[in-house]
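Undergrad: Quick one, structure for this:
(one chain, ligands or ions: 1)
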Amino acid sequence: MNKFPKNFLWGASTSAYQVEGCITEGGKVPSTMDLYGDKPNYPKGITGFKEASEHYKNWKIDVEMMAKMGLKSYRFSISWPRIIKNSKGEINPEGIKFYNNLIDELLKNKIEPVVTMFHFDIPLFVMEDGGVHGENFVKHFELYAEVLLKNFGSKINYWLTINELNVLVMMAAGFEVLEKQDFTNQLKVLHNLNLAQAKAIIKCKEICPKAKIGPAPNISTVYANTCKPEDYTAKLNIDMIRNWVYLDAVCKGTYSKVFLNFVKSMGIKFEVSKEELETLSKGKPDFIAFNYYSTMTAQMPTDEALKENTEKFDQQKGLVLPGFGMATKNPNLQKTQFGWEIDPVGFRNTLREVYDRYSLPMMITENGIGAKDILTEDGKIHDDYRIEYYQKHIEQMGLAIQDGVEMIGYMPWSAIDLVSTHEGISKRYGFIYVNRDEFDLKDMKRIEKDSYYWYKELIKTNGENI
Ligand code: BG6
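TA: Alright, predicted model coming up:
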């Protein structure tokens, strides 16, 4: 018996700012991500997002290649700064036209569009009006969500609210949300994003009652480093801060008492009004989408461990909360070229955990391996490591489905090469290669990698032929 349901959404993902480029074309207004590569704190030798993969120009070719790969779905984000021009909420018709064209082309090719409303790129006018932690953020996002739902709603069955809301909170400074990491403002970011998300869900139910909508955080099972009881407490703490605060807010409409006590113990005032709680409890999702790259292993921080820790903090590693919990290496796992641990069995564990906790159908909106792919003399990209990564993860997803987990689809990262959040274009994820380097844009030619043909075959057999 096939593990994967009929109509399973085998797909792939991208995000607007990482793939589109053309940041001054089509009436797009500036966003936080436009100047990313130019900032003094940005690592040297790595491109920013100005050109990216020039998908804004090449979208038709890209969709054609996705269709030839047999994708059943394509998860992409709409660029907020392409749609809304200013604080007054004026709409940019060219932006609407671009995404309408893209959606129509996908539908023509029988590819289900799965649309993320917001994936990391914040219009500067929002930042200038108080930013994500400011009092006007929720209003700005609600208006934007409404514009999307009214303009594209008739064609979209699956909406995603905010990409990696949890990462935006935990790495607020890294993703240009705050100038510096500071817990009081990070809490405001958390609460505003939760409210904005709930408002978008409520709007979706009003405007597009037939569509389904869900969040898209980055979720990882957290292991305890040892069976020392203190390490298990650290695991629970990290789990709460990394995973559950966000999913509890959207799925249960509340913050847990343990979380509220943790905030209080840090001397921070965090008050949630009755009206806000009502908004949270009305804005419940139809499904949970999440991004999975790896698991995390936690230990209770000791002075020695803190001193020895040299891991750079990013989406998957280096999380440290003194007195509370810290991420540590898992010696049982191999790593990618970029130091992210690879844990396919952890994928099954994570799927099981999320499903047990919330009992909602799920889709995977990111999963993949960043690698320095090489275009060889035969004009091909032999990315057997990517095929192996997917084989192992898809096998474990199949086992999770056999365990009883309800899955709608799998949209790995990424459909096409794009610029990584902080490691340039050399950290490639795509099934489709884009011929450019960090600073030499070459011809931007699209080339199918070996993994492209492998995935095509897998989709054709609905996951039978892994
Ligand atoms: C996720 C993001 O955190 O991970 C993507 O949603 C990102 O935008 C992906 O590209 C991979 O991370 P990175 O840092 O390797 O690009």
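
Undergrad: Contacts only, for P81.
TA: Residues in contact with P81 (C-beta atoms under 8 Å, 6 or more residues apart in numbering) are K28, V29, P30, S31, D121, I122, P123, L124. All C-beta atoms are positioned from the backbone trio N, CA, C, and that covers glycine.

Undergrad: Now the first one. Nearest residue, chain neighbours left out?
TA: To tie it back to what came earlier, the one meant is K28. R82 (4.6 Å; C-beta to C-beta, 6 or more residues apart in numbering).

Undergrad: same deal with the third one?
TA: The spatially closest residue to P30, leaving aside those adjacent along the chain, is L124, at 4.6 Å (C-beta to C-beta, 6+ apart).

Undergrad: The one you found against K28, yeah?
TA: No: the criterion here is C-beta atoms under 8 Å, and L124 misses it with K28 at 11.2 Å.

Undergrad: Compare these two and say which one has the larger neighbour count.
TA: K28 (25 against 14; other C-beta atoms under 10 Å).

Undergrad: Model confidence score at the more buried one, please.
TA: Predicted confidence (pLDDT) at K28: the value is 98.

Undergrad: for the protein, longest helix please?
TA: Longest helix of the chain, by residue count under DSSP state H: helix 183-207.

Undergrad: what is the mean pLDDT for that helix?
TA: Here the average pLDDT along helix 183-207 is 97.

Undergrad: now stretch 368-388
TA: 98.

Undergrad: quick one: it to chain centroid distance?
TA: 23 Å (C-alpha atoms, centre = their mean, to the nearest Å).

Undergrad: Spell out which parts of the stretch 51-200 of the chain neighbour the ligand.
TA: By C-beta under 6 Å from any ligand atom, the residues of the stretch 51-200 of the chain that approach the ligand are N163, E164, V167.

Undergrad: Tell me the one among these nearest to R357.
TA: Of all these, R357 sits closest to E164, with 18.5 Å by C-beta to C-beta.

Undergrad: my guess is the closest one meets F290, correct?
TA: No: counting by C-beta under 8 Å, E164 does not reach F290; the two are 9.0 Å apart.

Undergrad: In the stretch 1-150 of the chain, which residue sits closest to the ligand?
TA: S15 (5.0 Å; C-beta to the nearest ligand atom).

Undergrad: That residue: what's it in contact with?
TA: F76, S77, T116, H119, F120, D121, N163, L418.

Undergrad: Helix, strand or coil: sort out T161 for me.
TA: strand (DSSP: H, G, I helix; E, B strand; the rest coil).

Undergrad: quick one: pLDDT of it?
TA: pLDDT, T161: 98.

Undergrad: and what of F175?
TA: 91.

Undergrad: Now do it against F120, distance only.
TA: Between F175 and F120 the computed distance is 6 Å (C-beta to C-beta, to the nearest Å).

Undergrad: cool, I401 as well?
TA: Taking C-beta to C-beta, one finds I401 at 30 Å from F120.

Undergrad: What of M296?
TA: Per C-beta to C-beta, M296 is found 21 Å from F120.

Undergrad: Please apply the same query to T297.
TA: Distance from T297 to F120, by C-beta to C-beta: 26 Å.
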